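Novice: Build me a structure from this.
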Amino acid sequence: MSGYGQKVRFYSQSDLAKKDLKFPVFIKPRFGVGSKDCYTAANEAELEFFLKKVKRPIIEELVAGDKYVIDAVNDLHGRNLVSIPRREWEAKSGVGVRSEVVKDEDLVRFGKDVSQSLKVIGPCNLEVFKKGKNIFLIEVNPRYSAGVVLSTKSGANIPAIALDLFLHNKIAAERLQWRSGIKMVRFWQEVYIRSEKII
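Specialist: Okay, the predicted model is just below:
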């Protein structure tokens with residue numbers, strides 16, 4: 001990943017013991033859901049406070065830049081078939097509510113390189129920050145992202161491709177094509193029920 005992928009520093013227990021941290025830092029649970037219990041600590045006192053709240057914490061360098069999610073699918077041998085970057089303009093509870101598919105060749109290549117390096121089988125998503133030409137990998141999730149519907153709308157039906165992979169069906173090259181510029185805005189909607197009737 002040299003040349004465009006940048007390492008994010010993760011702090012170990014020995015770093016904590018030696019107080020060898022550069023603030024601000026980001027704290028999150030090793031096994032998290034929807035950005036729950038994710039915090040930024042500006043100093044040692046805040047870090048100690050948040051560490052009491054987060055189970056099995058990961059402490060990492062706080063990075064800045066534009067947030068992207070890359071939806072990727074690899075074949076059964078871990079070779080990348082498609083990588084689709086999405087710029088995430090706004091998220092709520094870890095779910096993108098305003099995003100856009102972008103044709104960024106650096107991000108496409110990054111998704112391919114990382115997913116193949118990890119030998120991922122099937123779908124995954126990568127969360128990254130990009131600042132200039134620098135790409136910082138924050139997370140790799142071996143599952144569909146909450147925004148995979150946008151990547152599917154761009155032309156590559158990722159769930160259908162993954163299903164055909166595991167059924168050993170041939171995947172035509174045109175099914176892996178996608179287009180940029182597709183945007184998505186999500187809205188919340190409530191349904192109220194009284195006496196088994198929608199009101």
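
Novice: CA atoms for contacts and neighbours, from now on please.
Specialist: Noted.

Novice: Which residue lies nearest the spatial centre of this structure?
Specialist: Centroid-nearest residue in the chain: E127, 2.7 Å away (criterion: CA atoms, centre = their mean).

Novice: what sits against that residue?
Specialist: Contacts for E127 (CA atoms under 8 Å, 6 or more residues apart in numbering) come out as 67-70, 137-140.

Novice: which SSE is it in?
Specialist: Assessed by DSSP states H and E, E127 sits inside strand 122-131.

Novice: Now do the helices in the protein.
Specialist: Counting by DSSP state H, the segments of the chain that form helices are 13-17, 44-51, 105-117, 148-153, 158-166.

Novice: my guess is R98 contacts V185, does it?
Specialist: Yes - at 4.6 Å, R98 and V185 qualify as touching, with contact defined as CA atoms under 8 Å.

Novice: Mind checking which of those two has more residues around it?
Specialist: R98 (17 against 12; other CA atoms under 10 Å).

Novice: related to what we said a few turns ago, PyMOL command for the buried members of the contacts of E127?
Specialist: Of the contacts of E127, the buried ones go into a single PyMOL selection, burial set by 16 or more other CA atoms under 10 Å:
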select buried, resi 67+68+69+70+137+138+140
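
Novice: So which of the contacts of E127 is the closest to L21?
Specialist: I138 (18.1 Å; CA to CA).

Novice: contact partners of stretch 48-59?
Specialist: With contact meaning CA under 8 Å, 6+ apart, stretch 48-59 is reached by 10-12, 25-31, 37, 39, 41.

Novice: and if you look at stretch 13-20?
Specialist: L21.

Novice: List the beta-bridge partners for N125.
Specialist: Beta-bridge partners for N125, by DSSP bridges, are D71, N141.

Novice: what's the answer for the one 4 residues further on, then?
Specialist: With DSSP bridges as the criterion, F129 is bridged to K67, F136.

Novice: okay, now it: neighbour count?
Specialist: Neighbours of F129 under the rule other CA under 10 Å: 19.

Novice: Pull the contacting residues for it.
Specialist: With CA under 8 Å, 6+ apart, F129 has these contacts: 63-68, 135-138.

Novice: One more: S93?
Specialist: By CA under 8 Å, 6+ apart, the contact set of S93 is 34-36.

Novice: how about those in a markdown table, adding neighbour count, distance to L76 and pLDDT?
Specialist: As requested, the contacts of S93 are exported to a markdown table (neighbours: other CA atoms under 10 Å; distance: CA to CA, whole Å; pLDDT from 0 to 100):
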| residue | neighbour count | distance to L76 | pLDDT |
| --- | --- | --- | --- |
| G34 | 12 | 28 | 70 |
| S35 | 14 | 30 | 76 |
| K36 | 12 | 32 | 84 |
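
Novice: now, which of those residues lie within strands?
Specialist: Applying DSSP state E to the contacts of S93, no entry is found in strands.

Novice: Please identify which of those residues is nearest to L165.
Specialist: Proximity of the contacts of S93 to L165 (CA to CA) peaks at G34, which lies at 28.0 Å.
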